[in-house]
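*Asks:* I would like the atomic coordinates for the input below:
(2 chains)
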Amino acid sequence: MIPNLKTDQKLKRFYMNRRQKTLLTIVVAAIILLCVVVGGALLDQDQIATNLTERNLAPSLQHLFGTDWLGRDMFNRTIMGLSLSMGVGLIGAIGSTSIALILGMAAATMGKMADRLISWLIDLFLSVPHLVTLILIAFTLGGGFKGIVIGLAVTHWPSLARVIRAEVMQIRSAEYVQISRQMGKSRWWIATHHIFPHLIPQLLIGFMLMFPHVILHEAAVTFLGLGLSPHEPAIGIILSESMKYLSSGMWWLAFFPGLCLLMIVRMFETVGGNLRLLIDPVRANEK
Amino acid sequence: MTRKLLGLIVIASLAISMMLAGCSSSKSSDKNKVERPMDELVLAFGAEPATGFDPTTGWGRYGSPLFQSTLLKRDDELNIVNDLATGYEVSEDGKVWTVSIRDDVKFSDGEPLTAKDVKFTFETAAGSGSVVDLNVLDKVEAVNETTVIFTLKEVQSTFVNNLVATGIVPEHAYSGDYAENPVGSGPYQLVQWDKGQQMIVKSNPEYYDKKPFFNKITFVFLNEDAAFAAAQAGTVDLAYIPAAFSNKKVPGMKMEAIKTVDNRGIVFPFVKSGNVTDDGLPIGNDVTADPAIRHAIDIAVDRQALIDGVLEGHGTPAYTSVDGLPWWNPETVIEDGDMDGARKLLEEAGWKDADGDGILEKGSLKAEFSLYYLANDEVRQSLAIAVADMMKPLGINIKVEGGSWDVIGKKMHSEAVLMGWGSHDPHELYNIYSSDNAGVEYNNTGYYKNDKVDAYFEKALRAGSEEEAIEYWKKAQWDGTTGLSGKGDAAWTWLVNIDHLYLVKDGLDIGEQRIHVHGHGWPATDNIVDWKWSK
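*Replies:* Take a look at the predicted model:
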């Protein structure tokens, strides 16, 4: 009789509702993000200088993630790679969200022709896997940092644009907007005072969900060897060069950077997913 | 949902790859050895020649032409000896080469090889516009069945290398697809070629010289990882491997490290900036045009550290592009890894760090330049990064950039490039250092020019024979006061000669391997007729 009670209590003690869980994830994610950003800013090329006397070392206290075949510290390389990836991810996601916002609003407010055109464009982009479009765009722009960022920004907007279009259409037909219009408010005034504030949650969630996606695609593109020079510490490059050493038993080259990438991507996804559920009025009170 | 799936896939693939890695290193099997007849051999090489097996477009320059045979050849000491030829004479003025050839040679299809085929071969090669450089050849005549006369436009002592390197093709069986269906008088004939996968050859019954031990050889074309895996699985008798794998033992196989002139070095723009090529590409670099910078880098580089660190110890220091060859001048060897000496040199030349940022300046000029390397070549990448890091304490900031040959081609006249050469033909020295070749393709990309060196080249080329020329080749490198090597102008900083590593099955005797040339794989076949099982 008592054991049952006990487990119940234990469960209760560690039980957190979705809001608390989300808050906790946000805090942890923020700390990691801060570490990576600060770390990335503090580290420069000197910290990943080659040291030909300390090559191929397994992880130790001195080199947390071990060293690679040129004696570069893998921890520093991973942090630099992550901060580069997150920087690219941030710029890419902001760019994509902006494009989505502009096109979504335009489709919903600028008449039938614009709507048809933009919907067609969204369908077009959605019909091709965007890793393919991304590679194409990055390649045509001559690769490099710029190529990848632009490529990421112009390929990740379609699904969010579609959501925003639907949202705007819904808000536009709401009664208070109709009344506002009849009272002589300008289109611009309605857009900025009625529609945009209602879009902010959607935008935020769209952005949060897009961010890890963009990071993953940045890693994929650099893994394939497009864009950045192979000595730059991008996470995809680190992973792809480690493949060659896996068969020599140097697991730490792939394991830690891969794990870090996975953790960050998962974390931001969880935050985004939870926020979406919390904002959704139908499902917000689900446990 | 898809994102979760993606995450799962990532975890799964990581886990699987690690498990696989664990497996392969823990129990390299000796149970799955493939039984093969004694006279058959399987070799794992990187890639087949992209242009096929036509000697008139370059096949056979590196390694044995396999299907064809040449007029002359080099023996294990790199002396030139007769092959198809029974002898050759050079006229007094050095312009007319008379070569007499054997009368008992047949192509693998049974037709006899005559002087007409030789004439046809050289005329085709001269007109092919390929890497085969026969500009100096005026005309070829077949006097009778067994005598060929080559008339040159001008004397060139290195012309003999064309007789060494060019396999003779049959006039009667030569057509557009010859590169895929080679017929020749070499030790082997082609049975089957699956492009990008494998090639099977069998011995040529008509071959006139020593019969090879192996009757059937299969070349499989694998990348480095796959070649190593094949060696571990025991499915190949010989596999080329990169230095990164050299520490791992494969049961039943031994590793052979073969000395090479497959060198890597940094070519510097030799002139000051300002000019452009005909295509509008910039020429010159103000920093590397300063001899102090080039010399400082040349003596500061710790070549042995590069060999131990990047090549796992499988290499030799390089001081010129011809180290160890008969025309190498051993006086070009310098003390390297000398940071203090390099610092002094820079200081004397007026380079100092005025603003305290760790990078030297001279007036408004900062001691920094870019170093380009071929992005998909890991050894070049590692060398470039390591050298750049070695130069940091000196105050020379080398910015490392990876790129394809297209990218490098646009930058190579105005920035430093990590390149590699290595040939059994002394003409290469002329190609990469003479002012005649400045800006021609990938030769002399830095626009190096030294009138004295050019004069030595002229003398070497005009010499009556290779032996006579050797003295001038050596002087071009260093004559006591000037030269192209590090002691002289240091137009290049040569870094290392990369040993070619092969995993060879126990008991397989691959003979006395000569100093290998540029390229990993085919040069090993140079003496393939001598290969045998030693037990």
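*Asks:* How are the strands of the stretch 1-150 of chain B distributed by residue range?
*Replies:* Along the stretch 1-150 of chain B, counting by DSSP state E, counting those that start in this stretch, strands occupy B:40-45, B:72-74, B:80-82, B:85-90, B:96-101, B:137-144, B:147-152.
*Asks:* For residue B:393, find the nearest of the ones you listed.
*Replies:* strand B:40-45 (40.7 Å; C-beta to C-beta). For the C-beta atoms, the positions are set from N, CA and C on the backbone; glycine is no exception.
*Asks:* in the closest one, what's buried?
*Replies:* For strand B:40-45, the neighbour count (16 or more other C-beta atoms under 10 Å in any protein chain shown) marks B:41-45 as buried.
*Asks:* Which residues does it contact?
*Replies:* For strand B:40-45, contacts defined as C-beta atoms under 8 Å, 6 or more residues apart in numbering or on different chains pick out B:36, B:214-222, B:226-227, B:230-231, B:235-240, B:508, B:521-522, B:531.
*Asks:* Looking at the buried residues of strand B:40-45, which one is closest to chain A?
*Replies:* Nearest to chain A among these is residue B:44, at 15.3 Å by C-beta to the nearest C-beta.
*Asks:* Beta-bridge partners for the closest one, please?
*Replies:* Assessed by DSSP bridges, residue B:44 has beta-bridge partners residue B:220, residue B:239.
*Asks:* Could you check the pLDDT of it?
*Replies:* Looking at residue B:44, its pLDDT is 91.
*Asks:* just residue A:6 next, same as before
*Replies:* 54.
*Asks:* Also residue A:67?
*Replies:* 87.
*Asks:* for residue A:197, same thing?
*Replies:* 87.
*Asks:* Let me know whether my guess that it is in a helix holds.
*Replies:* Yes - per DSSP: H, G, I helix; E, B strand; the rest coil, residue A:197 lies within a helix segment.
*Asks:* Tell me which residues touch residue B:239, please.
*Replies:* Contacts of residue B:239 by C-beta under 8 Å, 6+ apart are B:43-44, B:222, B:227-228, B:230-231, B:502-503.
*Asks:* What residues of stretch A:30-45 count as buried?
*Replies:* So, applying 16+ other C-beta under 10 Å, buried residues of stretch A:30-45: A:32-33, A:36-37, A:39-40, A:43, A:45.
*Asks:* By proximity to chain A, which residue of chain B wins?
*Replies:* For chain B, C-beta to the nearest C-beta, closest residue to chain A: residue B:309, 3.0 Å.
*Asks:* For that residue, give me its contacts.
*Replies:* Here residue B:309 is in contact with A:50, A:52-53, A:55, A:70-71, B:386 (C-beta under 8 Å, 6+ apart).
*Asks:* what helix or strand does it sit in?
*Replies:* helix B:303-310 (DSSP states H and E).
*Asks:* the helices in chain B, which residues?
*Replies:* Remark: helices assigned in chain B by DSSP state H are B:2-26, B:115-126, B:160-165, B:224-233, B:291-300, B:303-310, B:339-348, B:378-391, B:405-411, B:427-433, B:451-462, B:466-477.
*Asks:* Could you pick out the buried ones from the contacts of residue B:309?
*Replies:* A:50, A:52, A:55, A:70-71, B:386.
*Asks:* could those go into JSON lines alongside secondary structure?
*Replies:* Listed next are the buried ones among the contacts of residue B:309 as JSON lines, based on three-state DSSP:
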{"residue": "A:50", "secondary structure": "coil"}
{"residue": "A:52", "secondary structure": "coil"}
{"residue": "A:55", "secondary structure": "coil"}
{"residue": "A:70", "secondary structure": "coil"}
{"residue": "A:71", "secondary structure": "coil"}
{"residue": "B:386", "secondary structure": "helix"}
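*Asks:* now these in JSON lines, with distance to residue B:276?
*Replies:* Output for those, formatted as JSON lines (distance: C-beta to C-beta, whole Å):
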{"residue": "A:50", "distance to residue B:276": "35"}
{"residue": "A:52", "distance to residue B:276": "39"}
{"residue": "A:55", "distance to residue B:276": "42"}
{"residue": "A:70", "distance to residue B:276": "36"}
{"residue": "A:71", "distance to residue B:276": "40"}
{"residue": "B:386", "distance to residue B:276": "32"}
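*Asks:* For the buried residues of stretch A:30-45, point out the one with the lowest pLDDT.
*Replies:* Minimum pLDDT across the buried residues of stretch A:30-45 falls on residue A:45, with 71.
*Asks:* re earlier: show the buried residues in the contacts of strand B:40-45.
*Replies:* B:214-222, B:227, B:230-231, B:235-240, B:508, B:521-522, B:531.
*Asks:* where's the one helix or strand residue A:262 maps to relative to the chain centroid, distance-wise?
*Replies:* If you go by DSSP H and E, residue A:262 is part of helix A:252-279. Relative to the centre of its chain, helix A:252-279 is centred 9 Å away, using C-alpha atoms, centre = their mean, to the nearest Å.
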